[in-house]
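In: A predicted structure for the sequence below; I have some questions about it.
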Amino acid sequence: MARALYIHWPFCLKKCPYCDFNSHVRDGFDAEAWRGALLSDMRREADVAGSEPLESVFFGGGTPSLMPPQLVADLLNEAEALWGFDANIEITLEANPSSVEAANFAGLANAGVNRISLGIQSLEDDCLQFLGRLHSVAEALKALDVAQSHFDRVNFDLIYARPDQTPEQWADELSRALALGTDHLSLYQLTIEPSTRFETDVRIGTFTPLDDDPAADLYTLTQEMTAAAGIPAYETSNHARTGQESRHNLTYWRYEDYCGIGPGAHGRRNNAATQRHKKPETFLSKVETSGDGMQTSRILGPHEQASEAILMGLRLVEGIDLGALETRFGISRDDLIRQRKVHFYSDLGLVWQNGARLGVTPAGMPLLDGLLGELVGDGLVTS
């Protein structure tokens, strides 16, 4: 049964050149129409997803901090009525660090949000311009201060491994980030995603991405500095003090059930993969005619689920429990994982195994994508 709920808000003030998320720029939106559509979509999802109390709710986007706080409150009130909330529920909302959105923080906290995730992305103004962000460093730091005054738990994102970035530059920036006092940091290497403006820029030679080897050096530096600061990695790109890990994202990485509503939202619940229509106007039309925004709902077989569980779980420092997966999916351990490859990469110091638990070492994490293709069992679905 689902223990987490994801709510997608699709609107942004500007499309960032690196972003491949389902985000859309519109002149405005009808808050009442979206209230009705999201509530309807949520109710339909609750009808089929079970009624186990939610442990986390996550508002993602797009830019959910553009949502009216009353709309957030209405959605949370309905979610609690439909599922019930765990006593320690985590309710996260993604926000951009502009003064417009920071002005909403008090209202969002009153609505029930107890964790905020700020898309700061850089502590250098020229890099913010390169990344297409609308805020300055000064504005970001002011928004972070406001967030820390309203929310007990605050995360912010940074993007590193930018073109021509040196270890000295990143060490200075990361040191300043670590000094800002949050208990969680999401630190992502810049990747050039298909169908983004950055993909076009690279193709026509506007800039050249950082090569793999210097990017790997920055990754290693990141792990060393965050660990020394008491905020070690618990997932490839996420770092937290003990107990401050994102409970919602752990739901994904531990392959537990979650519901997804709103334009383009994905879900995994009751052995099914769900996806809502991506375009906001199409989503609204579908809800109006059918009561929900569902585009596809597909039953997943045990082999496909096992493959997804392994691919997600090996992103975590804690790794995966092969015995638990064997029991859950009814698939033998030898079919889940290529043991010969495990031994080979273990000898190279890239993989570790402790009884039934299997994981990727810090040295192996920069090579994770390649290792996953090597380790997943021959009989599992990997596409």
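Out: In hand now; what should we look at? Residues are numbered from 1 along each chain as shown.

In: for the stretch 1-150 of the chain, which segments count as helices?
Out: 31-49, 69-83, 99-102, 105-111, 125-130, 137-150 (DSSP state H, counting those that start in this stretch).

In: give the buried residues for the first one.
Out: Taking 16 or more other C-beta atoms under 10 Å as the neighbour-count basis, helix 31-49 is seen to contain the buried residues 34-35, 37-46, 49. Every residue, glycine included, has its C-beta placed from N, CA and C.

In: can you give me the buried ones in the worst-scoring helix or strand of the chain on mean pLDDT?
Out: Ranked by mean pLDDT, DSSP states H and E, the weakest helix or strand in the chain is helix 99-102, scoring a mean of 75. Buried residues in helix 99-102, counting neighbours by 16+ other C-beta under 10 Å, are found at 101-102.

In: what's that helix packed up against?
Out: For helix 99-102, the packing partners by 3 or more C-beta pairs under 8 Å, 6 or more residues apart in numbering; DSSP states H and E come out as helix 137-150.

In: quick one on the thing from earlier: and the buried residues of helix 31-49 as a markdown table, adding pLDDT and distance to residue 356?
Out: Formatted as a markdown table, the buried residues of helix 31-49 follow (pLDDT from 0 to 100; distance: C-beta to C-beta, whole Å):
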| residue | pLDDT | distance to residue 356 |
| --- | --- | --- |
| 34 | 96 | 46 |
| 35 | 97 | 47 |
| 37 | 98 | 45 |
| 38 | 98 | 41 |
| 39 | 98 | 43 |
| 40 | 98 | 44 |
| 41 | 98 | 39 |
| 42 | 98 | 38 |
| 43 | 97 | 40 |
| 44 | 96 | 39 |
| 45 | 96 | 34 |
| 46 | 95 | 35 |
| 49 | 90 | 30 |
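
In: what residue spans form the domains of the chain?
Out: 4-253, 320-375 (automatic domain parsing).

In: and the ones you listed, which is most packed in?
Out: domain 4-253 (a mean of 18; mean count of other C-beta atoms under 10 Å).

In: mind listing what residue 63 touches?
Out: Listed by C-beta atoms under 8 Å, 6 or more residues apart in numbering, the contact partners of residue 63 are 9, 11-13, 23, 94-96, 101.

In: and these, which is closest to residue 316?
Out: residue 94 (21.2 Å; C-beta to C-beta).

In: residue contacts, the closest one?
Out: 59-61, 63-65, 116-117, 119.

In: in strands only, show me those residues.
Out: Counting by DSSP state E, the part of the contacts of residue 94 found in strands is 59-61, 116-117, 119.

In: what sits up against the least confident helix or strand of the chain?
Out: Contacts of helix 99-102 (C-beta under 8 Å, 6+ apart): 63, 65-66, 95, 139, 142-143, 146-147.

In: could you dump the domains of the chain into TSV with distance to residue 290 added?
Out: Below are these laid out as TSV (distance: least, C-beta to C-beta, whole Å):
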stretch	distance to residue 290
domain 4-253	8
domain 320-375	32
